[in-house]
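1. Got a predicted structure plus its sequence, pasted below:
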Amino acid sequence: MEIDKKEVLRYMGYKNQIIDDNMTLLIDECCLEMIDICRESSVYEIFDIERKNDQLFLLGSTLILKDSDIKNLLAHSKKCVVMAATLGTTVDSRISYYSRFNITKGLIMDACATTAIEYLCDELQNVVMQNALKDGLHITTRYSPGYGNFSINNQLEILNVLDAYKKIGLSVTENSIMLPRKSVTALIGLSKMVSPKPQVSCKSCKNVECNFRKDGGQCAK
């Protein structure tokens, strides 16, 4: 597990400010603590895609994709990877504790956890990519429920398809909030064509007012 401090600063809302030594040391401390308490786990399955009535059916599963953004993502894909990843319950508990008794550290730990789950997903995506290349396939970018018009309500069905609670302890509330909180579900397409956008980019995001666009920060050291 690696945690990029520039990403931590971005999630904290820093935008090119100079960070003093005390804050730099606290961020370093939180990064190390987050790495120590993470109990990362993940699962994924690959399904053939069938197109019918302007919907995408993942054969062998109950997942039916109707939202235009995800259909566009998978427009040239013959298969779809369904994935889920989590950092475990200890991370949630630690963030909750610091949020009550040390607000600054709670904010930093939350940013560290967000950075850590993205790193875990990137690692899993890399595994998917390497395996796909062996079969002469290329991956699309990773796309999660809640992005664009890909409804967050797809979370439950994705977890059911993956049997995620049994395999990695991941569940979802009736409001589509995942437990543990620092978890991600996503879809990746597998295609004979090279995806023109292999990575999610803030520059291509429709939400130009997002506070987390990659402006970054700069540590003092």
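-> Nice, I can see it. Numbering: from 1, shown residues only.

2. Please make it C-alpha for all contacts and neighbour counts, starting now.
-> OK.

3. Downstream of whichever strand or helix holds K6, the next helix or strand is which one?
-> Take DSSP states H and E as the rule and K6 turns out to sit in helix 5-12. Proceeding N to C from helix 5-12, the next assigned helix or strand is strand 18-19, under DSSP H and E.

4. next helix or strand past that next one?
-> helix 21-37.

5. for that following helix, packing partners?
-> helix 5-12, helix 89-101, helix 103-134 (3 or more C-alpha pairs under 8 Å, 6 or more residues apart in numbering; DSSP states H and E).

6. Show me what secondary structure element comes after the strand or helix carrying D69.
-> Using DSSP H and E, D69 falls within helix 68-73. Toward the C-terminus, helix 68-73 is succeeded by strand 77-86 as the next helix or strand (DSSP H and E).

7. mean confidence for that next one?
-> Taken as a whole, strand 77-86 has a mean pLDDT of 97.

8. So which elements touch that strand?
-> Packing contacts for strand 77-86, counted by 3+ C-alpha pairs under 8 Å, 6+ apart, involve strand 41-52, helix 103-134, helix 154-162, helix 164-168, strand 183-191.

9. Report the angle between that strand and strand 183-191.
-> With axes from the mean of the first three to the mean of the last three C-alpha atoms, to 10 degrees defining the directions, strand 77-86 sits at 160 degrees from strand 183-191.
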